[in-house]
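Asker: here is my input, please return the structure:
(chains A, B, C and D)
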Number of protein chains: 2
Amino acid sequence: MELQLQIKMNEGLFLRNPELSDLGKKIIKHSIIMIHKDGFEALTFKKLAKDIGTTEAGIYRYFENKHLLLTYIISWYWSWIEFQILFQTNNIKNPKVRLKKVIKILASEVEDDETISHVNESLLHQIVISEGSKVYLTKKVGEDNKHQFFKPYKDLCGVISDLILECNSAYKYPRSLATTIIEMAHFQNFFMKNLPSLTDFGNSKEESKITAFLSDLVFSSID
Amino acid sequence: MELQLQIKMNEGLFLRNPELSDLGKKIIKHSIIMIHKDGFEALTFKKLAKDIGTTEAGIYRYFENKHLLLTYIISWYWSWIEFQILFQTNNIKNPKVRLKKVIKILASEVEDDETISHVNESLLHQIVISEGSKVYLTKKVGEDNKHQFFKPYKDLCGVISDLILECNSAYKYPRSLATTIIEMAHFQNFFMKNLPSLTDFGNSKEESKITAFLSDLVFSSID
DNA sequence: TATTTATGATAGTGTTACTATCTTTTTAAA
DNA sequence: TTTAAAAAGATAGTAACACTATCATAAATA
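Answerer: You can find the predicted model right below:
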(Lines give C-alpha, C1' and ligand atoms only; values in the text may rest on other atoms or scores of the structure.)
Protein backbone atom coordinates (compact mmCIF):
# COMPACT_ATOMS: atom_id res chain seq x y z
CA MET A 1 0.00 0.00 0.00
CA GLU A 2 1.33 3.36 -0.92
CA LEU A 3 -0.39 6.41 0.42
CA GLN A 4 0.32 9.97 -0.30
CA LEU A 5 -0.71 12.70 2.05
CA GLN A 6 -1.43 15.96 0.32
CA ILE A 7 -2.15 19.06 2.30
CA LYS A 8 -4.46 21.47 0.58
CA MET A 9 -2.99 24.92 0.95
CA ASN A 10 -4.67 28.31 0.78
CA GLU A 11 -4.41 29.46 -2.83
CA GLY A 12 -3.66 33.02 -1.85
CA LEU A 13 -0.26 31.95 -0.59
CA PHE A 14 1.22 31.18 -3.97
CA LEU A 15 1.01 32.19 -7.62
CA ARG A 16 1.61 28.66 -8.87
CA ASN A 17 1.05 25.63 -6.70
CA PRO A 18 4.51 24.37 -5.73
CA GLU A 19 3.25 20.86 -4.98
CA LEU A 20 2.43 20.31 -8.65
CA SER A 21 5.85 20.54 -10.23
CA ASP A 22 9.42 19.54 -9.74
CA LEU A 23 10.60 23.11 -9.56
CA GLY A 24 7.92 23.96 -7.04
CA LYS A 25 8.90 21.10 -4.78
CA LYS A 26 12.54 22.07 -5.06
CA ILE A 27 11.66 25.58 -3.95
CA ILE A 28 9.97 24.21 -0.85
CA LYS A 29 12.71 21.74 -0.12
CA HIS A 30 15.62 24.13 -0.52
CA SER A 31 13.96 27.08 1.17
CA ILE A 32 13.52 24.87 4.24
CA ILE A 33 17.16 23.88 4.12
CA MET A 34 18.37 27.44 3.62
CA ILE A 35 16.13 29.06 6.23
CA HIS A 36 17.15 26.41 8.69
CA LYS A 37 20.80 27.04 7.96
CA ASP A 38 21.07 30.83 7.92
CA GLY A 39 17.72 32.08 9.14
CA PHE A 40 14.86 33.73 7.35
CA GLU A 41 16.42 37.19 7.20
CA ALA A 42 19.37 35.83 5.26
CA LEU A 43 17.23 34.11 2.65
CA THR A 44 17.13 35.78 -0.74
CA PHE A 45 15.44 34.49 -3.86
CA LYS A 46 18.67 34.91 -5.73
CA LYS A 47 20.61 32.60 -3.43
CA LEU A 48 17.70 30.17 -3.31
CA ALA A 49 17.54 30.13 -7.10
CA LYS A 50 21.23 29.44 -7.38
CA ASP A 51 20.95 26.59 -4.90
CA ILE A 52 18.16 25.02 -6.88
CA GLY A 53 19.68 25.65 -10.27
CA THR A 54 17.05 28.04 -11.54
CA THR A 55 16.76 31.82 -11.72
CA GLU A 56 15.20 34.44 -9.50
CA ALA A 57 12.33 34.84 -11.95
CA GLY A 58 11.62 31.16 -11.64
CA ILE A 59 10.90 31.49 -7.96
CA TYR A 60 8.87 34.65 -8.36
CA ARG A 61 6.54 32.67 -10.57
CA TYR A 62 5.64 30.57 -7.53
CA PHE A 63 5.82 33.03 -4.66
CA GLU A 64 5.18 36.75 -4.73
CA ASN A 65 7.80 37.37 -2.07
CA LYS A 66 9.72 35.65 0.65
CA HIS A 67 7.27 36.48 3.38
CA LEU A 68 4.56 34.54 1.57
CA LEU A 69 6.97 31.67 1.07
CA LEU A 70 7.60 31.60 4.82
CA THR A 71 3.89 31.84 5.49
CA TYR A 72 3.39 28.91 3.15
CA ILE A 73 5.84 26.56 4.79
CA ILE A 74 4.77 27.52 8.31
CA SER A 75 1.09 27.00 7.44
CA TRP A 76 1.98 23.71 5.90
CA TYR A 77 3.62 22.72 9.15
CA TRP A 78 0.57 23.56 11.25
CA SER A 79 -1.66 21.54 8.98
CA TRP A 80 0.75 18.65 9.07
CA ILE A 81 0.98 18.79 12.88
CA GLU A 82 -2.79 18.83 13.18
CA PHE A 83 -2.91 15.69 11.08
CA GLN A 84 -0.17 14.09 13.19
CA ILE A 85 -2.17 14.86 16.31
CA LEU A 86 -5.42 13.48 14.93
CA PHE A 87 -3.63 10.39 13.71
CA GLN A 88 -1.57 9.69 16.79
CA THR A 89 -4.36 10.30 19.29
CA ASN A 90 -7.04 8.60 17.26
CA ASN A 91 -7.63 5.59 19.46
CA ILE A 92 -7.17 7.23 22.81
CA LYS A 93 -10.51 7.51 24.59
CA ASN A 94 -9.47 9.31 27.75
CA PRO A 95 -9.25 13.04 26.95
CA LYS A 96 -6.59 13.67 29.56
CA VAL A 97 -4.36 11.00 28.15
CA ARG A 98 -5.01 12.46 24.73
CA LEU A 99 -4.15 15.99 25.85
CA LYS A 100 -0.97 14.71 27.40
CA LYS A 101 -0.07 13.09 24.11
CA VAL A 102 -0.78 16.33 22.25
CA ILE A 103 1.56 18.23 24.53
CA LYS A 104 4.21 15.65 23.91
CA ILE A 105 3.82 15.85 20.14
CA LEU A 106 4.09 19.63 20.22
CA ALA A 107 7.11 19.73 22.48
CA SER A 108 9.13 16.90 20.97
CA GLU A 109 11.42 16.67 18.01
CA VAL A 110 9.46 15.45 15.05
CA GLU A 111 10.37 12.35 13.15
CA ASP A 112 10.61 12.72 9.44
CA ASP A 113 7.54 11.83 7.45
CA GLU A 114 8.86 9.59 4.71
CA THR A 115 5.73 9.86 2.62
CA ILE A 116 6.45 13.51 1.86
CA SER A 117 9.90 13.55 0.38
CA HIS A 118 10.25 17.20 -0.52
CA VAL A 119 9.74 18.36 3.07
CA ASN A 120 12.18 17.70 5.86
CA GLU A 121 9.78 17.92 8.78
CA SER A 122 12.51 17.89 11.36
CA LEU A 123 14.20 20.98 9.91
CA LEU A 124 10.81 22.56 9.40
CA HIS A 125 10.00 22.03 13.05
CA GLN A 126 13.11 23.96 14.03
CA ILE A 127 12.20 26.72 11.61
CA VAL A 128 8.76 27.00 13.13
CA ILE A 129 10.38 27.39 16.54
CA SER A 130 12.62 30.27 15.58
CA GLU A 131 10.78 31.89 12.68
CA GLY A 132 7.14 30.86 13.11
CA SER A 133 5.90 33.90 14.95
CA LYS A 134 7.36 36.24 12.32
CA VAL A 135 4.55 35.16 10.04
CA TYR A 136 1.97 37.05 12.05
CA LEU A 137 4.14 39.59 13.86
CA THR A 138 3.80 42.12 11.07
CA LYS A 139 1.75 45.17 10.27
CA LYS A 140 -0.13 43.11 7.72
CA VAL A 141 -1.60 40.60 10.18
CA GLY A 142 -5.07 41.93 9.65
CA GLU A 143 -4.87 41.68 5.91
CA ASP A 144 -3.27 38.24 5.98
CA ASN A 145 -5.87 37.12 8.45
CA LYS A 146 -8.63 38.20 6.07
CA HIS A 147 -7.03 35.97 3.45
CA GLN A 148 -7.28 33.14 5.99
CA PHE A 149 -3.54 32.57 5.99
CA PHE A 150 -3.64 31.64 9.66
CA LYS A 151 -6.42 29.10 9.39
CA PRO A 152 -4.17 26.08 9.96
CA TYR A 153 -2.86 27.61 13.17
CA LYS A 154 -6.36 28.50 14.27
CA ASP A 155 -7.63 25.02 13.44
CA LEU A 156 -4.92 23.48 15.57
CA CYS A 157 -5.76 25.87 18.35
CA GLY A 158 -9.42 24.82 17.96
CA VAL A 159 -8.59 21.13 18.21
CA ILE A 160 -6.60 21.62 21.39
CA SER A 161 -9.17 23.97 22.81
CA ASP A 162 -11.93 21.39 22.29
CA LEU A 163 -9.80 18.76 23.93
CA ILE A 164 -9.27 21.00 26.94
CA LEU A 165 -13.03 21.44 27.22
CA GLU A 166 -13.47 17.69 26.99
CA CYS A 167 -11.23 17.39 30.02
CA ASN A 168 -13.07 20.09 31.90
CA SER A 169 -16.07 21.73 30.31
CA ALA A 170 -16.10 24.43 32.95
CA TYR A 171 -12.61 25.71 32.23
CA LYS A 172 -12.83 29.35 31.26
CA TYR A 173 -9.82 29.89 29.00
CA PRO A 174 -9.52 26.94 26.61
CA ARG A 175 -8.30 28.94 23.62
CA SER A 176 -5.78 31.01 25.48
CA LEU A 177 -4.50 27.89 27.16
CA ALA A 178 -4.23 26.20 23.78
CA THR A 179 -2.12 29.01 22.32
CA THR A 180 -0.06 29.03 25.50
CA ILE A 181 0.71 25.34 25.03
CA ILE A 182 1.63 25.78 21.38
CA GLU A 183 3.73 28.90 21.81
CA MET A 184 5.45 27.74 24.96
CA ALA A 185 6.27 24.33 23.56
CA HIS A 186 8.35 26.28 21.05
CA PHE A 187 9.59 29.18 23.13
CA GLN A 188 10.84 26.96 25.93
CA ASN A 189 12.65 24.90 23.34
CA PHE A 190 14.25 27.99 21.84
CA PHE A 191 15.23 29.36 25.24
CA MET A 192 16.56 26.00 26.39
CA LYS A 193 18.90 25.86 23.42
CA ASN A 194 19.83 29.53 23.09
CA LEU A 195 19.18 31.38 26.34
CA PRO A 196 19.16 28.53 28.81
CA SER A 197 19.03 30.63 31.97
CA LEU A 198 15.50 31.61 31.00
CA THR A 199 14.34 28.06 31.61
CA ASP A 200 14.66 25.36 34.23
CA PHE A 201 16.11 22.80 31.85
CA GLY A 202 19.07 24.64 30.46
CA ASN A 203 21.63 22.16 31.67
CA SER A 204 20.03 18.92 30.69
CA LYS A 205 18.56 20.21 27.43
CA GLU A 206 16.03 17.41 27.43
CA GLU A 207 12.83 18.03 25.60
CA SER A 208 11.00 15.69 27.93
CA LYS A 209 11.32 18.33 30.62
CA ILE A 210 9.42 20.82 28.52
CA THR A 211 6.65 18.26 28.21
CA ALA A 212 6.72 17.79 31.98
CA PHE A 213 6.54 21.54 32.59
CA LEU A 214 3.66 22.04 30.17
CA SER A 215 1.74 19.06 31.48
CA ASP A 216 2.13 20.35 35.01
CA LEU A 217 0.98 23.80 33.89
CA VAL A 218 -2.02 22.56 31.95
CA PHE A 219 -3.32 19.95 34.35
CA SER A 220 -2.92 22.18 37.36
CA SER A 221 -5.15 24.63 35.57
CA ILE A 222 -7.90 22.39 34.34
CA ASP A 223 -8.12 19.92 37.19
CA MET B 1 11.88 67.57 44.20
CA GLU B 2 12.93 66.62 40.74
CA LEU B 3 14.24 63.17 40.09
CA GLN B 4 15.58 61.76 36.96
CA LEU B 5 15.70 58.10 36.32
CA GLN B 6 18.54 57.04 34.09
CA ILE B 7 18.82 53.48 32.91
CA LYS B 8 22.37 52.34 32.38
CA MET B 9 22.50 50.53 29.08
CA ASN B 10 24.95 47.95 27.79
CA GLU B 11 27.65 49.85 25.94
CA GLY B 12 27.87 47.28 23.19
CA LEU B 13 24.45 48.35 21.96
CA PHE B 14 25.52 51.74 20.68
CA LEU B 15 28.49 53.59 19.22
CA ARG B 16 27.64 56.84 20.97
CA ASN B 17 25.36 56.95 23.98
CA PRO B 18 22.04 58.35 22.76
CA GLU B 19 21.03 59.50 26.23
CA LEU B 20 23.79 62.08 26.29
CA SER B 21 22.79 64.34 23.43
CA ASP B 22 19.79 65.97 21.85
CA LEU B 23 20.28 64.12 18.60
CA GLY B 24 20.61 60.82 20.45
CA LYS B 25 17.37 61.36 22.34
CA LYS B 26 15.62 62.35 19.14
CA ILE B 27 16.76 59.09 17.54
CA ILE B 28 15.21 57.12 20.40
CA LYS B 29 12.05 59.16 20.45
CA HIS B 30 11.39 59.08 16.73
CA SER B 31 12.41 55.48 16.20
CA ILE B 32 9.79 54.52 18.77
CA ILE B 33 7.18 56.59 16.98
CA MET B 34 8.11 55.21 13.57
CA ILE B 35 8.37 51.56 14.58
CA HIS B 36 5.06 51.86 16.34
CA LYS B 37 3.48 53.37 13.27
CA ASP B 38 4.75 51.19 10.44
CA GLY B 39 6.53 48.29 12.13
CA PHE B 40 10.19 47.45 12.46
CA GLU B 41 10.59 46.03 8.96
CA ALA B 42 9.50 49.33 7.44
CA LEU B 43 11.97 51.39 9.44
CA THR B 44 14.95 52.72 7.51
CA PHE B 45 17.66 55.02 8.79
CA LYS B 46 17.03 57.32 5.86
CA LYS B 47 13.38 57.87 6.75
CA LEU B 48 14.23 58.13 10.41
CA ALA B 49 16.89 60.75 9.64
CA LYS B 50 14.48 62.77 7.56
CA ASP B 51 11.90 62.66 10.36
CA ILE B 52 14.41 63.94 12.85
CA GLY B 53 15.98 66.49 10.56
CA THR B 54 19.41 64.92 10.36
CA THR B 55 21.14 62.65 7.88
CA GLU B 56 21.62 58.91 7.64
CA ALA B 57 25.24 59.27 8.70
CA GLY B 58 24.08 61.05 11.83
CA ILE B 59 22.18 57.98 12.95
CA TYR B 60 24.94 55.57 12.02
CA ARG B 61 27.16 57.43 14.44
CA TYR B 62 24.87 56.26 17.25
CA PHE B 63 23.77 52.83 16.11
CA GLU B 64 25.60 50.37 13.93
CA ASN B 65 22.37 49.12 12.38
CA LYS B 66 18.68 48.99 12.95
CA HIS B 67 18.69 45.66 14.71
CA LEU B 68 20.91 47.09 17.44
CA LEU B 69 18.63 50.10 17.68
CA LEU B 70 15.68 47.77 18.21
CA THR B 71 17.67 45.75 20.73
CA TYR B 72 18.47 48.97 22.52
CA ILE B 73 14.92 50.19 22.91
CA ILE B 74 13.58 46.75 23.82
CA SER B 75 16.29 46.28 26.45
CA TRP B 76 15.54 49.70 27.77
CA TYR B 77 11.92 48.66 28.13
CA TRP B 78 12.75 45.53 30.13
CA SER B 79 14.94 47.51 32.49
CA TRP B 80 12.26 50.11 32.89
CA ILE B 81 9.60 47.46 33.56
CA GLU B 82 11.80 45.81 36.16
CA PHE B 83 12.12 49.13 37.92
CA GLN B 84 8.36 49.67 37.70
CA ILE B 85 7.80 46.28 39.27
CA LEU B 86 10.27 46.85 42.08
CA PHE B 87 8.81 50.28 42.74
CA GLN B 88 5.14 49.35 42.57
CA THR B 89 5.45 46.19 44.65
CA ASN B 90 7.88 47.61 47.14
CA ASN B 91 5.65 47.69 50.20
CA ILE B 92 3.70 44.55 49.55
CA LYS B 93 4.70 41.87 52.03
CA ASN B 94 2.61 38.96 50.84
CA PRO B 95 4.40 37.33 47.91
CA LYS B 96 1.19 36.15 46.30
CA VAL B 97 -0.27 39.60 46.32
CA ARG B 98 3.00 40.83 44.91
CA LEU B 99 3.02 38.23 42.14
CA LYS B 100 -0.53 39.13 41.27
CA LYS B 101 0.52 42.74 41.00
CA VAL B 102 3.44 41.79 38.76
CA ILE B 103 1.13 39.92 36.41
CA LYS B 104 -1.10 42.95 36.27
CA ILE B 105 1.77 45.29 35.48
CA LEU B 106 2.98 43.03 32.68
CA ALA B 107 -0.43 42.53 31.13
CA SER B 108 -1.76 46.07 31.36
CA GLU B 109 -1.27 49.15 29.26
CA VAL B 110 1.51 51.19 30.71
CA GLU B 111 1.05 54.77 31.79
CA ASP B 112 3.54 57.22 30.47
CA ASP B 113 6.48 57.97 32.70
CA GLU B 114 6.66 61.74 32.68
CA THR B 115 10.15 61.84 34.08
CA ILE B 116 11.58 60.43 30.88
CA SER B 117 10.42 62.75 28.16
CA HIS B 118 12.18 61.26 25.17
CA VAL B 119 10.52 57.87 25.58
CA ASN B 120 6.84 57.26 25.06
CA GLU B 121 6.46 54.18 27.23
CA SER B 122 2.99 53.44 26.05
CA LEU B 123 4.06 53.21 22.41
CA LEU B 124 7.14 51.31 23.46
CA HIS B 125 4.98 48.79 25.27
CA GLN B 126 3.08 48.10 22.07
CA ILE B 127 6.33 47.76 20.17
CA VAL B 128 7.59 45.22 22.67
CA ILE B 129 4.39 43.23 22.14
CA SER B 130 4.73 42.98 18.39
CA GLU B 131 8.47 43.32 17.79
CA GLY B 132 10.08 42.27 21.07
CA SER B 133 10.80 38.66 20.25
CA LYS B 134 12.52 39.61 16.99
CA VAL B 135 15.43 40.81 19.08
CA TYR B 136 16.42 37.27 20.00
CA LEU B 137 14.76 35.27 17.21
CA THR B 138 17.83 35.56 14.99
CA LYS B 139 20.83 33.47 14.07
CA LYS B 140 22.98 35.81 16.16
CA VAL B 141 21.28 35.05 19.49
CA GLY B 142 24.34 33.29 20.80
CA GLU B 143 26.66 36.13 19.90
CA ASP B 144 24.29 38.80 21.22
CA ASN B 145 23.86 36.77 24.37
CA LYS B 146 27.62 36.73 24.90
CA HIS B 147 27.54 40.51 24.71
CA GLN B 148 24.91 40.38 27.47
CA PHE B 149 22.33 42.15 25.36
CA PHE B 150 19.55 40.12 26.96
CA LYS B 151 20.54 40.79 30.54
CA PRO B 152 17.59 43.11 31.27
CA TYR B 153 15.16 40.43 30.09
CA LYS B 154 16.96 37.80 32.11
CA ASP B 155 17.02 40.01 35.18
CA LEU B 156 13.29 40.49 34.93
CA CYS B 157 12.85 36.78 34.53
CA GLY B 158 15.01 36.31 37.63
CA VAL B 159 12.93 38.71 39.71
CA ILE B 160 9.71 36.96 38.79
CA SER B 161 11.26 33.56 39.24
CA ASP B 162 12.40 34.46 42.77
CA LEU B 163 8.94 35.73 43.56
CA ILE B 164 7.42 32.46 42.39
CA LEU B 165 9.78 30.58 44.68
CA GLU B 166 8.79 32.87 47.53
CA CYS B 167 5.22 31.79 46.98
CA ASN B 168 6.14 28.14 46.80
CA SER B 169 9.73 27.12 47.30
CA ALA B 170 8.98 23.60 46.09
CA TYR B 171 7.73 24.65 42.66
CA LYS B 172 9.90 23.02 40.03
CA TYR B 173 9.72 25.39 37.08
CA PRO B 174 10.05 28.97 38.35
CA ARG B 175 12.05 30.29 35.40
CA SER B 176 9.98 28.68 32.72
CA LEU B 177 6.84 29.89 34.44
CA ALA B 178 8.32 33.38 34.59
CA THR B 179 9.03 33.49 30.87
CA THR B 180 5.58 32.04 30.25
CA ILE B 181 4.02 34.91 32.17
CA ILE B 182 6.07 37.53 30.35
CA GLU B 183 5.61 36.12 26.86
CA MET B 184 1.97 35.27 27.29
CA ALA B 185 1.12 38.65 28.75
CA HIS B 186 2.22 40.00 25.39
CA PHE B 187 1.12 37.24 23.05
CA GLN B 188 -2.40 37.11 24.43
CA ASN B 189 -2.57 40.86 24.01
CA PHE B 190 -1.40 40.62 20.42
CA PHE B 191 -3.80 37.79 19.63
CA MET B 192 -6.69 39.54 21.34
CA LYS B 193 -6.23 42.58 19.14
CA ASN B 194 -5.20 40.91 15.89
CA LEU B 195 -6.29 37.27 15.83
CA PRO B 196 -9.02 37.29 18.43
CA SER B 197 -10.28 33.77 17.82
CA LEU B 198 -7.02 32.49 19.28
CA THR B 199 -8.03 33.80 22.69
CA ASP B 200 -11.03 33.76 24.99
CA PHE B 201 -11.30 37.52 25.22
CA GLY B 202 -11.55 38.48 21.60
CA ASN B 203 -14.92 40.12 21.88
CA SER B 204 -14.48 42.19 24.98
CA LYS B 205 -10.85 43.10 24.27
CA GLU B 206 -10.30 43.86 27.92
CA GLU B 207 -6.79 43.56 29.22
CA SER B 208 -8.10 42.68 32.66
CA LYS B 209 -9.12 39.31 31.25
CA ILE B 210 -5.56 38.53 30.29
CA THR B 211 -4.56 39.27 33.87
CA ALA B 212 -7.33 36.95 35.07
CA PHE B 213 -6.21 34.17 32.74
CA LEU B 214 -2.56 34.46 33.72
CA SER B 215 -3.37 34.64 37.43
CA ASP B 216 -5.50 31.56 37.13
CA LEU B 217 -2.73 29.79 35.23
CA VAL B 218 0.02 30.76 37.65
CA PHE B 219 -1.76 30.21 40.93
CA SER B 220 -3.21 26.88 39.85
CA SER B 221 0.35 25.79 39.20
CA ILE B 222 2.06 26.99 42.32
CA ASP B 223 -0.66 26.45 44.90
C1' DT C 1 42.82 80.81 21.12
C1' DA C 2 43.58 76.27 19.85
C1' DT C 3 41.85 71.81 19.62
C1' DT C 4 38.99 68.27 20.02
C1' DT C 5 34.34 66.47 19.25
C1' DA C 6 29.74 66.35 17.22
C1' DT C 7 27.11 67.26 13.38
C1' DG C 8 25.88 68.34 8.49
C1' DA C 9 26.22 67.60 3.60
C1' DT C 10 27.10 64.84 -0.08
C1' DA C 11 28.66 60.99 -2.78
C1' DG C 12 29.43 56.32 -3.71
C1' DT C 13 29.03 50.97 -3.50
C1' DG C 14 27.19 46.48 -3.36
C1' DT C 15 22.94 44.05 -2.53
C1' DT C 16 18.12 43.22 -2.39
C1' DA C 17 13.52 42.97 -4.04
C1' DC C 18 11.42 43.11 -7.42
C1' DT C 19 9.54 43.80 -12.90
C1' DA C 20 9.95 43.04 -17.76
C1' DT C 21 10.96 40.73 -21.94
C1' DC C 22 12.28 37.37 -24.96
C1' DT C 23 13.62 32.58 -26.04
C1' DT C 24 13.50 27.75 -25.42
C1' DT C 25 11.62 23.61 -23.64
C1' DT C 26 7.90 20.76 -22.00
C1' DT C 27 3.21 19.37 -21.83
C1' DA C 28 -1.29 18.66 -23.59
C1' DA C 29 -5.08 19.31 -26.85
C1' DA C 30 -6.70 18.93 -31.63
C1' DT D 1 1.63 14.27 -35.25
C1' DT D 2 0.95 18.81 -35.37
C1' DT D 3 -0.25 22.84 -32.86
C1' DA D 4 -0.86 25.74 -29.25
C1' DA D 5 -0.48 26.74 -24.74
C1' DA D 6 2.00 26.69 -20.46
C1' DA D 7 6.29 26.46 -17.86
C1' DA D 8 10.96 27.39 -17.41
C1' DG D 9 15.43 29.64 -18.68
C1' DA D 10 18.21 33.69 -19.72
C1' DT D 11 19.12 38.25 -19.25
C1' DA D 12 18.48 43.11 -18.26
C1' DG D 13 16.95 46.80 -15.66
C1' DT D 14 15.22 49.77 -11.57
C1' DA D 15 14.35 51.78 -7.15
C1' DA D 16 15.34 51.33 -2.55
C1' DC D 17 18.28 49.91 1.20
C1' DA D 18 22.23 49.25 4.15
C1' DC D 19 25.92 50.73 4.61
C1' DT D 20 31.08 53.44 4.11
C1' DA D 21 33.83 57.45 3.18
C1' DT D 22 35.07 62.16 3.00
C1' DC D 23 35.12 66.90 3.84
C1' DA D 24 33.26 71.09 5.82
C1' DT D 25 31.27 73.44 9.69
C1' DA D 26 29.60 74.33 14.26
C1' DA D 27 29.86 73.69 19.18
C1' DA D 28 32.06 72.51 23.29
C1' DT D 29 36.37 72.17 26.01
C1' DA D 30 41.09 72.87 27.31
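
Asker: longest helix in chain A, please.
Answerer: helix A:66-88 (DSSP state H).

Asker: rounded mean pLDDT for it, please.
Answerer: Averaged across helix A:66-88, pLDDT comes to 97.

Asker: would you indicate which residues of that helix are buried?
Answerer: A:66-82, A:84-85 (16 or more other C-beta atoms under 10 Å in any protein chain shown). Where you see a C-beta, it was placed from the backbone N, CA and C, and this is true even at glycine.

Asker: so where is chain A shaky, pLDDT-wise?
Answerer: A:1-3 (pLDDT under 70).

Asker: spell out which parts of it neighbour DNA strand D.
Answerer: A:16, A:21-24, A:53-58, A:61-62 (C-beta under 7 Å from any atom of the strand).

Asker: which strands or helices does the longest helix of chain A pack on?
Answerer: When contacts are defined as 3 or more C-beta pairs under 8 Å, 6 or more residues apart in numbering or on different chains; DSSP states H and E, helix A:66-88 packs onto helix A:22-38, helix A:95-107, helix A:121-131, helix A:151-167.

Asker: could you confirm whether the second one reaches chain B?
Answerer: If I follow you right, that is helix A:95-107. No: figure legend: helix A:95-107 not in contact with chain B (C-beta under 8 Å from any C-beta of the partner chain); closest approach 11.7 Å.

Asker: how about chain A: which residue is closest to DNA strand C?
Answerer: Nearest to DNA strand C in chain A, going by C-beta to the nearest atom of the strand, is A:Asn65, at a distance of 3.0 Å.

Asker: for that residue, give me phi and psi.
Answerer: Note on A:Asn65: backbone dihedrals following degrees, to the nearest 10 are phi -160, psi 170.

Asker: pull the contacting residues for the closest residue to A:Ile81 other than its chain neighbours.
Answerer: Excluding its sequence neighbours, the residue lying closest to A:Ile81 (C-beta to C-beta, 6 or more residues apart in numbering or on different chains) is A:Leu156, at 6.3 Å. Applying C-beta atoms under 8 Å, 6 or more residues apart in numbering or on different chains to A:Leu156 gives the contacts A:78, A:81-82, A:85, A:182.

Asker: for A:Met9, same thing?
Answerer: Counting by C-beta under 8 Å, 6+ apart, A:Met9 has contacts A:17, A:19, A:72, A:75-76, A:79.

Asker: if I look at it, how far off is A:Phe45?
Answerer: Note on A:Met9: its distance to A:Phe45, by C-beta to C-beta, to the nearest Å, is 19 Å.

Asker: likewise A:Leu20?
Answerer: On the measure of C-beta to C-beta, A:Leu20 and A:Phe45 end up 20 Å apart.

Asker: same deal with A:Leu123?
Answerer: 19 Å.

Asker: who has more neighbours, these two?
Answerer: Between A:Leu123 and A:Phe45, counted using other C-beta atoms under 10 Å in any protein chain shown, A:Phe45 has the larger neighbour count: 21 against 18.

Asker: ok, and the closest non-adjacent residue to A:His118?
Answerer: That would be A:Lys25: by C-beta to C-beta, 6+ apart, it lies 3.9 Å from A:His118.

Asker: how many neighbours does that neighbour have?
Answerer: Neighbours of A:Lys25 (other C-beta under 10 Å): 16.

Asker: hmm, it is touching A:Ser31, no?
Answerer: No: A:Lys25 is beyond contact range of A:Ser31, at 10.8 Å (criterion: C-beta atoms under 8 Å).

Asker: so what's A:Pro152 closest to, chain neighbours aside?
Answerer: Counting by C-beta to C-beta, 6+ apart, the residue nearest A:Pro152 is A:Trp78, at 3.7 Å.

Asker: run through the residues that contact the one you found.
Answerer: Counting by C-beta under 8 Å, 6+ apart, A:Trp78 touches A:152-153, A:155-156.

Asker: how about 10 Å then?
Answerer: Going by C-beta atoms under 10 Å, 6 or more residues apart in numbering or on different chains, A:Trp78 touches A:7, A:128, A:132, A:135, A:150-157, A:182.

Asker: in which helix or strand would I find the residue lying farthest from the centre of chain A?
Answerer: Farthest-out residue of chain A from its mean C-alpha position, per C-alpha atoms, centre = their mean: A:Ala170, at 28.9 Å. Assigned by DSSP states H and E, A:Ala170 belongs to neither a helix nor a strand.

Asker: which residues touch it?
Answerer: So A:Ala170 contacts A:Ile222 (C-beta under 10 Å, 6+ apart).

Asker: which phi and psi does it have?
Answerer: Dihedral angles (degrees, to the nearest 10) for A:Ala170: phi -90, psi -10.

Asker: so A:Phe45 versus B:Lys134, what's the distance?
Answerer: 21 Å.

Asker: correction: the previous question concerned A:Pro174.
Answerer: 29 Å.

Asker: three-state assignment of the closest residue to A:Glu64 other than its chain neighbours?
Answerer: Excluding the flanking residues, the one nearest A:Glu64 by C-beta to C-beta, 6+ apart is A:Leu15, at 6.2 Å. The three-state label given to A:Leu15 by DSSP: H, G, I helix; E, B strand; the rest coil is coil.

Asker: measure A:Leu15 to chain B for me?
Answerer: Distance, A:Leu15 to chain B, using C-beta to the nearest C-beta, to the nearest Å: 22 Å.

Asker: number of nearby residues for that residue?
Answerer: 13.

Asker: these two touch, right, it and A:Phe63?
Answerer: Yes: under the criterion of C-beta atoms under 10 Å, A:Leu15 makes contact with A:Phe63 at 6.7 Å.

Asker: what strand or helix carries A:Gln148?
Answerer: Remark: A:Gln148 resides in no helix or strand, with elements defined by DSSP H and E.

Asker: I figured it hits A:Gly12, correct?
Answerer: Yes: the pair A:Gln148 / A:Gly12 is scored as a contact, 7.4 Å apart, by C-beta under 10 Å.

Asker: hang on, A:Ile181 packs against A:Lys100?
Answerer: No: the pair A:Ile181 / A:Lys100 is not scored as a contact, 11.2 Å apart, by C-beta under 10 Å.

Asker: which one of these two is surrounded by more residues?
Answerer: Shown here are A:Ile181 and A:Lys100; by other C-beta under 10 Å, A:Ile181 has more neighbours (23 against 19).

Asker: pull up the overlap in contacts between A:Ile181 and A:Lys100.
Answerer: A:214-215, A:218.

Asker: neighbour count for those residues - can I get that in CSV?
Answerer: Below are these laid out as CSV (neighbours: other C-beta atoms under 10 Å in any protein chain shown):
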residue, neighbour count
A:Leu214, 25
A:Ser215, 17
A:Val218, 26
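
Asker: near chain B, list only the ones from those.
Answerer: Counting by C-beta under 10 Å from any C-beta of the partner chain, A:214, A:218 from these sit close to chain B.

Asker: if anything else comes up later, I'll come back, but that's it for now.
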